[in-house]
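Undergrad: Just need the structure, nothing else, for what follows:
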Amino acid sequence: MPLVKVKEDETFEFALRRFKRKCEKSGILSELKKRQHYEKPSAKRKRKMLAARKKTLKRLAQERRMIG
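TA: Modelled structure (predicted):
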């Protein structure tokens, strides 16, 4: 859980901005979106396989650009 201590001369807006940044870096919002709806294990596997394939193809394309 991100914790932000507000300094004496700090404005609320700046402290809120720091808190939001810490939440984003810790991955709380992405985890919340992921847990918002149930995802079947088969759907999760399929999504991960597609992401891995996309990542591999992207890496191969980048290597081809460097070579050629």
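Undergrad: Sketch out the low-pLDDT regions of this structure for me.
TA: In the predicted model, the chain carries pLDDT under 70 at residues 68.
Undergrad: Please, where are all the helices along it?
TA: Using DSSP state H, the helices of the chain run over 12-26, 28-35, 41-67.
Undergrad: what about residue 31, how many neighbours?
TA: As a burial measure, residue 31 scores 10 neighbours (other Cβ atoms under 10 Å). Backbone N, C-alpha and C define where each C-beta goes, glycine included.
Undergrad: do you know how far it is from residue 40?
TA: Residue 31 is 18 Å from residue 40, where distance means Cβ to Cβ, to the nearest Å.
Undergrad: Kindly report the same for residue 17.
TA: Distance from residue 17 to residue 40, by Cβ to Cβ: 38 Å.
Undergrad: So which of those two has more stuff around it?
TA: Each of residue 17 and residue 40 has its neighbours counted (other Cβ under 10 Å); residue 17 has more, 12 against 8.
Undergrad: Alright, I will stop here.
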